[in-house]
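**Student:** here's my sequence, what's the structure:
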Amino acid sequence: MKIKSIHQVKSKKFISQKGICFNLGSKIDVDNIFFSSGGGGTNTATTFVQQGFKTAFVGAVGQDVAGQEILRELKEMGVDIGFVFKTEKRPTNYSVIFGTGEDRTVLAYRGASELLENIPFLELRAKWFYLAPLSGKLSGITKEIVDFASKNNIKIAFNPGNSQLNLPKKVLEDIIVKVNVLILNQEEASILTGIPYNEEKSIFKKIDEICPGIAIMTKGPEGAVISDGKHIFEAKPPQIGIKDRTGAGDAFGSGFVAGFIKSSGSVEEGIQLGMANSLSCIRKWGAKAGILKKADKFEKIAIKKEICLGNNCKVK
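**Tutor:** The predicted structure follows:
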């Protein structure tokens with residue numbers, strides 16, 4: 001929903017130190033409304049299949065019209081839906097997104113996805129798992145999934161949600177130490193490390209201690225910062241017209257992993273495809289309409305690469 005009459009407030013009660021409000025007891029006019037499918041699992045599956053990877057979605061939907069439409073859409077794109085669990089116990093997940101121009105706020109109903117059962121691990125034969133946020137009780141299976149992947153030489157890209165970041169510290173550290181690519185936004189990076197999100201160097205120093213793989217922190221319109229343990233990469237997007245930021249983080253994360261795989265491990269190539277995918281995504285309404293296809297050309301952006309050895313830093 002696009003709503004002009006929502007106002008921004010500043011408060012230390014919020015992790016981002018900013019919130020939104022509107023008049024209590026009032027009827028609020030909505031300026032525009034748009035419907036589309038989304039969610040971290042299906043958003044990222046869209047990127048991978050359109051970049052030419054054989055892709056399957058593992059998740060749960062309700063036995064309702066929304067669930068049927070999501071499966072139809074995925075199948076039409078070429079995503080394998082043979083691992084999707086269907087349940088009558090809850091409706092398919094649903095979100096209401098407030099778009100205020102600068103950013104968006106999401107009200108999320110965690111429906112059928114939390115009832116995902118009996119993941120057919122023995123049938124999952126993949127080179128990579130992209131693990132999107134798992135909320136509520138479902139977050140408890142994160143370690144089981146990561147342990148399975150690690151034992152079977154499956155590489156892992158992990159984009160944890162708040163429920164996963166609030167797992168017991170020892171459990172979370174046992175998960176992250178097995179991860180090849182860790183993808184966080186600023187709020188999530190702050191929750192994981194306990195460090196204010198604007199103290200980037202301190203955040204990455206802490207993350208590098210627990211994550212041997214690549215760590216990504218997305219910063220919305222300010223771009224992204226990436227560490228491979230030896231270098232810090234920073235990429236800032238150009239100023240462009242924005243229609244909708246929904247799905248931009250998923251587009252960057254999945255685009256990075258796709259570019260990283262295609263280039264046999266180049267962080268720079270991962271950043272380029274991730275940034276291009278994200279910029280294309282926000283030019284259109286919804287989380288999927290702007291996702292790049294394999295043949296799409298895009299303009300590359302400048303990347304700052306910082307090499308830190310002790311107290312000496314060089315930038316190129």
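**Student:** gap between residue 45 and residue 291?
**Tutor:** Distance from residue 45 to residue 291, counting by C-beta to C-beta, to the nearest Å: 10 Å. C-beta coordinates here come from the backbone N, C-alpha and C atoms, glycine included.
**Student:** if you could redo that for residue 300, that was the one I meant.
**Tutor:** Taken as C-beta to C-beta, the span from residue 300 to residue 291 is 18 Å.
**Student:** export the helix or strand hosting residue 253 as PDB, just CAs?
**Tutor:** Residue 253 belongs to helix 248-262 when assigned by DSSP states H and E. Taking Å, rounded to 0.1, in the frame of the first residue of the first chain, the C-alpha atoms of helix 248-262 are listed here in PDB:
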ATOM      1  CA  ALA A 248      15.400  -5.500  -2.900                       C
ATOM      2  CA  GLY A 249      17.300  -7.300  -0.100                       C
ATOM      3  CA  ASP A 250      16.400 -10.700  -1.500                       C
ATOM      4  CA  ALA A 251      17.300  -9.500  -5.000                       C
ATOM      5  CA  PHE A 252      20.800  -8.400  -3.800                       C
ATOM      6  CA  GLY A 253      21.400 -11.600  -1.700                       C
ATOM      7  CA  SER A 254      20.400 -14.000  -4.400                       C
ATOM      8  CA  GLY A 255      22.000 -11.900  -7.200                       C
ATOM      9  CA  PHE A 256      25.300 -11.900  -5.200                       C
ATOM     10  CA  VAL A 257      25.200 -15.700  -4.700                       C
ATOM     11  CA  ALA A 258      24.400 -16.300  -8.400                       C
ATOM     12  CA  GLY A 259      27.200 -14.000  -9.600                       C
ATOM     13  CA  PHE A 260      29.600 -15.600  -7.100                       C
ATOM     14  CA  ILE A 261      28.800 -19.100  -8.300                       C
ATOM     15  CA  LYS A 262      29.000 -18.100 -12.000                       C
END
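**Student:** other SSEs contacting it?
**Tutor:** helix 40-50, strand 128-131, strand 181-185, strand 214-218, helix 267-281 (3 or more C-beta pairs under 8 Å, 6 or more residues apart in numbering; DSSP states H and E).
**Student:** if you set the cut-off to 10 Å instead, what comes out?
**Tutor:** Helices and strands touching helix 248-262, by 3 or more C-beta pairs under 10 Å, 6 or more residues apart in numbering; DSSP states H and E, are helix 40-50, strand 128-131, strand 155-158, strand 181-185, strand 214-218, strand 224-227, helix 267-281.
**Student:** between the ones you listed, which one is nearest to residue 108?
**Tutor:** Between residue 108 and those, the shortest gap by C-beta to C-beta is with helix 40-50, which sits at 11.0 Å.
**Student:** what angle separates the closest one from helix 248-262?
**Tutor:** 40 degrees (axes from the mean of the first three to the mean of the last three C-alpha atoms, to 10 degrees).
**Student:** strands paired with the helix or strand following helix 40-50, and their directions?
**Tutor:** Counting by DSSP H and E, the next helix or strand C-terminal to helix 40-50 is strand 60-62. Strand 60-62 pairs in its sheet with strand 85-87 (parallel), by DSSP bridges.
**Student:** what does the average pLDDT come to for the partner strand?
**Tutor:** Here strand 85-87 scores 94 as its mean pLDDT.
**Student:** so what sits against both of residue 45 and residue 291?
**Tutor:** Counting by C-beta atoms under 10 Å, 6 or more residues apart in numbering, the shared contacts of residue 45 and residue 291 are 77, 250, 254.
**Student:** tabulate those residues (a markdown table), appending distance to residue 149, pLDDT and neighbour count.
**Tutor:** A markdown table is the format used below for the shared contacts of residue 45 and residue 291 (distance: C-beta to C-beta, whole Å; pLDDT from 0 to 100; neighbours: other C-beta atoms under 10 Å):
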| residue | distance to residue 149 | pLDDT | neighbour count |
| --- | --- | --- | --- |
| 77 | 24 | 96 | 16 |
| 250 | 20 | 96 | 31 |
| 254 | 17 | 98 | 31 |
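**Student:** take these and write them to a markdown table, including distance to residue 105.
**Tutor:** Formatted as a markdown table, these follow (distance: C-beta to C-beta, whole Å):
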| residue | distance to residue 105 |
| --- | --- |
| 77 | 28 |
| 250 | 17 |
| 254 | 22 |
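**Student:** out of those, which comes closest to residue 12?
**Tutor:** residue 250 (29.0 Å).
**Student:** show me what contacts that closest one?
**Tutor:** Counting by C-beta under 10 Å, 6+ apart, residue 250 has contacts 38-47, 130, 132-133, 159, 183, 218, 277-278, 281, 287-288, 291.
**Student:** how near is it to residue 45?
**Tutor:** In terms of C-beta to C-beta, residue 250 sits 10 Å off from residue 45.
**Student:** where do the contact lists of these two overlap?
**Tutor:** Common neighbours of residue 250 and residue 45 (C-beta under 10 Å, 6+ apart) are 39, 130, 132, 288.
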